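Trainee: pasting the sequence and the predicted model now:
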Amino acid sequence: MDWFYIQGILMLAGINLIAVLGLSLLTGFTGLFSFGHAGFMAIGAYIGALMTVSPTTTPAGLGLPFFVGVIAGGLGAGIVSYFIGRITLNLKGDYFCIATLGFGEAIRLILNNVQIFGGSRGWPGVPYKSTLPAIILVDVVAVLFLANLVRSRHGRNMVAVREEELAAQITGINVFKYKMIALVISAVYAGVAGVFFAHYMTFLQPKMFSLTKSTELTIIVIFGGLGSISGSVLGALILTALPEVLRAFEIWRLVFYGAAVILIMISRPKGLMGGMELSPGGIRKARAERKARLEAQREMKQAQEGEIRNA
Amino acid sequence: MPEILRISRLTKRFGGLAAVNDVSFSVPEGAIVGLIGPNGAGKTTIFNLVTGVYSLTDGQVEFGGLNIAGLPAYKIADLGITRTFQNIRLFKNLTVFENVLTACHRSASYSILESILRLPRFRQEEKNITRKAEELLSIMGLSDRRDLVANNLPYGMQRRLEIVRALALDPKLLLLDEPAAGMNPDETEQLMRMISKIRDDFKLSILVIEHHMDLIMGVCERIVVLNFGVKLAEGNPEQISNDPKVIEAYLGVAEGEANA
């Protein structure tokens, strides 16, 4: 295996990670399942590419620097998500999930028919701009932002929405607002991921952003553990690399991929990290919780024994 | 005494059924008022109407002189009404401390940007609400369970934690929905003392739904009785316990008396 190949896998994992981190906020922390995040990635990818493609290859291209594309792609996805959220966030649980599924497919079908972007034939000529250092930098910033957000009152409010919506409301939390914030931030992340994806592939085609892609992102979040940023990071790295590691199985590759995911989910039903964080604070917290649980169990046992003696 | 909550001609219909029909009563400031009645009398529906969980069909709810009917639940909570639930609704997978800390969010005002960039205001306010949450836990005797996940708490403590979480909002009016449900006589007695103490220490008014008559008679200064969605009686505990209509609603009428 040469470095070029490994670098490619790392870049794909890093790009996936950006989208997964956003989805982690929405699904893992706020409790909303989405099967349409490939749609936000597509919006980011196409807007980003529109900014950077040179006018000589595509007449609509603006030929701007890459970072403009990144910003525009993220913003574009965020703005679209705001309007989608206005319509769909009042839907409860499963219905919201179905609505996002419809959105993702709608975006793909629309792009299939927009001829200036090549329609379903695809859009070649996107400049190769995604570099591994740039992706790692964005990943680090994305993790830091997210970690700081979830460990603040805003993040706690989102978790409250996930845990018990009614109780969140009567605790003075504007449930709709916090769902919206989570959705928009997750869409911005997905959009940025889309821009990097476009400038890594150098070719865009609507079918890259199908339901399969959305499902892949959601699987990674659940696999890593809902409500855990470190879980999302591990999940993105492992599940992006796994199909490559399994290349030895040739056509049976995806069967083994599925089997591996099922096996891990059976042995760790709460995902790899199960809501815990691999950070000094996270480990301290997990220890304190464990200690408190054991203490409570011991006390309960003592109380029961006392009752038996008294009886 | 000025009134903190005034409910007038409150009506809620679910289809053709009037769950609450033309009910009026008020809660004086600093009072503990009991709301009693047989199952299905509309007590919890009134809580849901006051806290904005349901939208009302007709009538008015005034809180501190302000009409709050039709406001969304989170705004009503902001104004100073909060509640507990008959079937406990804690943030189950969070620790005791996190449950209370989450509810302290109104005591901080830093923005999302300030939290992402960890600016000074974030640090300062986070420190303040952490202290506040810890104080509340120690006042209410839950400090030694600080790091226990709420779901693993014994039942009685879960009810207590729900009250602590409500207190973290600095409410002016606290609605307790069957706080003694599932408690043994010992725990019920403790709860009674706690309700009076909360009222005095936190300077708030309390409206409580309960089926334990000892508790209601022991702590409430006024009692409102509901039956089939209408108000049956209102008065102090002595008046209520001697009211023939109330006795009839709870116990039914003896056959001989009914014929007479």
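Mentor: All right, it came through fine. Residues are numbered from 1 along each chain as shown, chains lettered A, B, ... in the order given.

Trainee: residue in the stretch 101-250 of chain B with the shortest distance to chain A?
Mentor: Of all residues in the stretch 101-250 of chain B, B:S115 sits closest to chain A, with a separation of 3.3 Å (CB to the nearest CB). Glycine gets a C-beta too; all of them are placed from N, C-alpha and C.

Trainee: which residues touch that residue?
Mentor: By CB atoms under 8 Å, 6 or more residues apart in numbering or on different chains, the contact set of B:S115 is A:148-149, A:151-155, B:122.

Trainee: in TSV: those residues, plus neighbour count.
Mentor: Output for these, formatted as TSV (neighbours: other CB atoms under 10 Å in any protein chain shown):
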residue	neighbour count
A:N148	18
A:L149	21
A:R151	18
A:S152	23
A:R153	23
A:H154	23
A:G155	23
B:F122	20
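
Trainee: how about stretch B:225-243: buried residues?
Mentor: Going by neighbour count (16 or more other CB atoms under 10 Å in any protein chain shown), the buried part of stretch B:225-243 is B:225-227, B:229, B:231-234, B:237, B:240, B:243.

Trainee: likewise for stretch B:125-145?
Mentor: Buried residues in stretch B:125-145 (16+ other CB under 10 Å): B:125-126, B:129, B:132-133, B:136-137, B:140, B:142, B:145.

Trainee: among those, which ones lie close to chain A?
Mentor: Among the buried residues of stretch B:125-145, proximity to chain A is found for B:126, B:129, B:145 (CB under 8 Å from any CB of the partner chain).

Trainee: ok, for the second one, nearest residue in space, not its chain neighbours?
Mentor: So that's B:I129. Spatially, and ignoring its direct neighbours in sequence, B:I129 is nearest to B:C104 (4.1 Å; CB to CB, 6 or more residues apart in numbering or on different chains).

Trainee: so that neighbour versus B:L117, what's the distance?
Mentor: B:C104 sits 21 Å away from B:L117 when distances are taken as CB to CB, to the nearest Å.

Trainee: higher neighbour count, these two?
Mentor: Taking other CB atoms under 10 Å in any protein chain shown, B:C104 and B:L117 do not tie; B:C104 has more neighbours (24 against 12).

Trainee: which ones are touching the more buried one?
Mentor: Taking CB under 8 Å, 6+ apart, one finds A:153, B:129, B:132-133, B:168 in contact with B:C104.

Trainee: equivalent analysis for B:I129, please.
Mentor: By CB under 8 Å, 6+ apart, the contact set of B:I129 is A:153, B:101, B:104-105, B:107-108.

Trainee: per-residue pLDDT, whichever residue of the stretch 151-300 of chain A sits closest to chain B?
Mentor: Sorted by distance to chain B under CB to the nearest CB, the residues of the stretch 151-300 of chain A start with A:S152, at 3.3 Å. pLDDT, A:S152: 95.

Trainee: now do the phi/psi pair for it.
Mentor: A:S152 adopts backbone torsions of phi -140, psi 180, taken as degrees, to the nearest 10.

Trainee: could the buried residues of stretch B:125-145 be laid out in CSV, adding pLDDT and secondary structure?
Mentor: Below are these laid out as CSV (pLDDT from 0 to 100; DSSP: H, G, I helix; E, B strand; the rest coil):
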residue, pLDDT, secondary structure
B:E125, 96, helix
B:E126, 95, helix
B:I129, 95, helix
B:K132, 96, helix
B:A133, 96, helix
B:L136, 95, helix
B:L137, 95, helix
B:M140, 91, coil
B:L142, 92, coil
B:R145, 91, helix
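
Trainee: out of these, name the two that are farthest from one another.
Mentor: By the measure CB to CB, B:E125 and B:R145 form the most distant pair in these, at 25.2 Å.

Trainee: hmm, the helix or strand hosting A:A296 in reach of chain B?
Mentor: Using DSSP states H and E, A:A296 sits within helix A:280-310. Yes - residues of helix A:280-310 contacting chain B under CB under 8 Å from any CB: A:285, A:288-289, A:291-293, A:296, A:300.

Trainee: give me the most central residue, chain B.
Mentor: Nearest to the geometric centre of chain B sits B:L175, at 1.5 Å (CA atoms, centre = their mean).

Trainee: is it fair to say it lies in a strand?
Mentor: Yes - secondary structure assignment places B:L175 in a strand (DSSP: H, G, I helix; E, B strand; the rest coil).

Trainee: give me every residue that touches it.
Mentor: B:L175 is in contact with B:47, B:50-51, B:81-84, B:206-209, counting by CB under 8 Å, 6+ apart.

Trainee: how about it: what's its closest non-neighbour residue?
Mentor: Nearest to B:L175 is B:R83, by CB to CB, 6+ apart, at 3.8 Å.

Trainee: can you spell out the domain ranges of chain B, please?
Mentor: Domains of chain B are assigned by automatic domain parsing as B:1-80+B:170-260, B:89-169.

Trainee: which one of those domains lies nearest to A:G36?
Mentor: The minimum distance between A:G36 and these falls on domain B:89-169, with 23.6 Å, by CB to CB.

Trainee: run the chain-centre distance for that closest one.
Mentor: Taking CA atoms, centre = their mean, to the nearest Å, one finds domain B:89-169 lying 19 Å from the centre of the chain it belongs to.

Trainee: end-to-end on it?
Mentor: Between the opening and closing residues of domain B:89-169 there is a gap of 16 Å (CA to CA, to the nearest Å).

Trainee: pull out the buried residues from the helix holding A:A296.
Mentor: With burial defined by 16+ other CB under 10 Å, the residues of helix A:280-310 counted as buried are A:282, A:285-286, A:289, A:292, A:296.

Trainee: can you pull out the helices in chain B?
Mentor: Secondary structure of chain B (DSSP state H): helices located at B:43-50, B:73-79, B:96-103, B:112-116, B:120-139, B:155-167, B:185-202, B:213-219, B:237-242, B:244-251, B:255-259.

Trainee: among these, which is the most enclosed?
Mentor: Among the helices of chain B, helix B:96-103 has the highest mean neighbour count (mean count of other CB atoms under 10 Å in any protein chain shown), at a mean of 26.

Trainee: does that helix reach chain A?
Mentor: Yes - applying CB under 8 Å from any CB, one finds helix B:96-103 touching chain A at B:98, B:101-103.

Trainee: now, which of these sits nearest A:G78?
Mentor: Of all these, A:G78 sits closest to B:T102, with 26.0 Å by CB to CB.

Trainee: and the closest one, what's its pLDDT?
Mentor: pLDDT for B:T102: 96.

Trainee: so who does it touch?
Mentor: Taking CB under 8 Å, 6+ apart, one finds A:153, A:156-157, A:159-160, A:171, B:91, B:94, B:165 in contact with B:T102.

Trainee: including distance to B:G156, could those go into JSON lines?
Mentor: Shown next, in JSON lines, are the contacts of B:T102 (distance: CB to CB, whole Å):
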{"residue": "A:R153", "distance to B:G156": "29"}
{"residue": "A:R156", "distance to B:G156": "25"}
{"residue": "A:N157", "distance to B:G156": "28"}
{"residue": "A:V159", "distance to B:G156": "25"}
{"residue": "A:A160", "distance to B:G156": "23"}
{"residue": "A:T171", "distance to B:G156": "21"}
{"residue": "B:F91", "distance to B:G156": "18"}
{"residue": "B:L94", "distance to B:G156": "19"}
{"residue": "B:R165", "distance to B:G156": "15"}
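
Trainee: ok now stretch A:4-11, how far from the chain's centre?
Mentor: 20 Å.

Trainee: what residues does that stretch touch?
Mentor: Contacts for stretch A:4-11 (CB under 8 Å, 6+ apart): A:130, A:132, A:135, A:200, A:240-241, A:244.

Trainee: tabulate the residues you listed (CSV), appending pLDDT and distance to chain B.
Mentor: Listed next are the contacts of stretch A:4-11 as CSV, based on pLDDT from 0 to 100; distance: CB to the nearest CB, whole Å:
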residue, pLDDT, distance to chain B
A:S130, 91, 24
A:L132, 95, 25
A:I135, 96, 20
A:Y200, 96, 27
A:T240, 91, 26
A:A241, 90, 30
A:E244, 85, 34
